[in-house]
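Novice: requesting a structural model of the entry that follows:
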Amino acid sequence: TTDRYSSIDMYTSSLSDTTIGTENKIKNIQGPCGNNTYESLFPLNETQSTIFIPRVSNKDLIIEQSYSTINGSFGTMLHGYLYLNHPNEHLKRILIKILTTDDVDQKELFDREHLLLNDLTHPNLVQFYGYTIEQNYALIEHSDLNNLFAYLSTSKNTSKNIRLHFLTQLSNALRYLESHHIIHRDIAARNCLIYPNYKIKLTNSAMASEQFQLHYCRINHIQLPVRWMAPESISSVSEKINK
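Specialist: Below you'll find the model as predicted:
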């Protein structure tokens with residue numbers, strides 16, 4: 001018989017709390033647009049407001065195509081480019097997150113996610129560029145190259161030095177998140193974007209990608225990367241989960 005825990009990411013049917021052996025309420029980690037969201041162990045400062053989020057002119061935005069998303073319940077993501085005029089003029093590949101509801105609670109979740117991202121600056125984390133002026137689209141750095149999962153799947157002869165370089169960069173990103181008491185909640189190669197010279201950056205968009213739907217399973221209507229989760233992390237929250 002198939003081992004439920006080791007193969008749970010390949011299940012296509014919904015599972016219950018009882019199926020995975022936990023009686024605690026499972027925490028939803030999926031945001032309005034379908035991606036997993038970071039979580040801060042401390043509440044946002046009451047003085048924080050979306051007025052501090054950078055605003056980007058729509059004339060600097062190119063919406064390219066669908067990101068092959070499994071749309072979130074309240075939003076979606078598109079591929080695009082953002083024109084950056086500093087430090088030099090070029091187009092930057094981005095993901096465009098669009099909230100498609102007027103629901104107040106979902107708008108609050110959307111803003112909370114990006115207020116948190118707005119405070120993060122690290123060379124191995126994707127950058128949040130801000131909201132568009134007109135529609136409040138959220139603009140997140142992406143890569144023209146592949147993700148680490150796809151790269152390692154097709155590059156079987158990657159040297160140990162390059163693999164160590166990947167691990168070191170990811171460890172640096174996680175150390176930075178821990179220092180800010182922030183939990184990523186879906187650390188995996190599918191959420192590591194490849195850049196030139198073997199640079200990687202941690203993102204959180206894989207859960208919304210059609211490419212990775214079999215890497216997740218639905219438990220009580222909540223999408224989770226169960227195969228890669230420590231059993232205790234399914235119903236508890238700690239920065240140690242990032243390790």
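
Novice: Cys192 contacts Leu145, doesn't it?
Specialist: No: with contact defined as Cβ atoms under 8 Å, Cys192 does not reach Leu145; the gap is 11.1 Å. C-beta: built from backbone N, CA, C; applies to glycine.

Novice: neighbour-wise, which of these two wins?
Specialist: Comparing Cys192 with Leu145 by other Cβ atoms under 10 Å, the one with more neighbours is Cys192, at 24 against 15.

Novice: chain neighbours aside, what residue packs nearest to that one?
Specialist: Leu148 (3.8 Å; Cβ to Cβ, 6 or more residues apart in numbering).

Novice: residue contacts, that neighbour?
Specialist: Phe166, Ala189, Arg190, Cys192, Leu193, Ile194, Ile200 (Cβ atoms under 8 Å, 6 or more residues apart in numbering).

Novice: which pair of those residues spans the longest distance?
Specialist: Phe166 and Arg190 (13.3 Å; Cβ to Cβ).

Novice: how about Leu145, secondary structure?
Specialist: Under DSSP: H, G, I helix; E, B strand; the rest coil, Leu145 falls in the coil class.

Novice: and the residue nearest to it when sequence neighbours are not counted, bridged to which residues?
Specialist: The shortest distance from Leu145 to any non-neighbouring residue, by Cβ to Cβ, 6+ apart, is to Ile194 (4.3 Å). Taking DSSP bridges as the rule, Ile194 bridges to Ile200.

Novice: give me the number of residues near Ile194?
Specialist: By other Cβ under 10 Å, 20 other residues sit near Ile194.

Novice: from what I see, it and Ser143 are in contact.
Specialist: Yes: in this structure, Ile194 is within contact of Ser143 by Cβ under 8 Å, at 6.1 Å.

Novice: which residues touch the residue nearest in space to the middle of the chain?
Specialist: For the chain, the residue nearest the mean C-alpha position is Asn204 (1.0 Å; Cα atoms, centre = their mean). Going by Cβ under 8 Å, 6+ apart, Asn204 touches Asn35, Asn36, Thr37, Tyr38, His184, Arg185, Asp186, Asn191.

Novice: find the residue closest to the third one in space, skipping its chain neighbours.
Specialist: Spatial nearest neighbour of Thr37, chain neighbours left out: Gly31 (4.1 Å); criterion: Cβ to Cβ, 6+ apart.

Novice: state the distance from Pro54 to Tyr83.
Specialist: For Pro54, the distance to Tyr83 (Cβ to Cβ, to the nearest Å) stands at 14 Å.

Novice: do a quick rundown of the strands in the protein.
Specialist: Shown for the chain, the strands assigned by DSSP state E span residues 39-40, 55-56, 61-66, 75-84, 90-99, 128-132, 138-141, 182-183, 192-195, 199-202, 217-219, 222-224.

Novice: save these as CSV, and put in mean pLDDT too.
Specialist: Listed next are the strands of the chain as CSV, based on pLDDT from 0 to 100:
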stretch, mean pLDDT
strand 39-40, 88
strand 55-56, 93
strand 61-66, 81
strand 75-84, 91
strand 90-99, 92
strand 128-132, 95
strand 138-141, 96
strand 182-183, 92
strand 192-195, 97
strand 199-202, 98
strand 217-219, 81
strand 222-224, 82
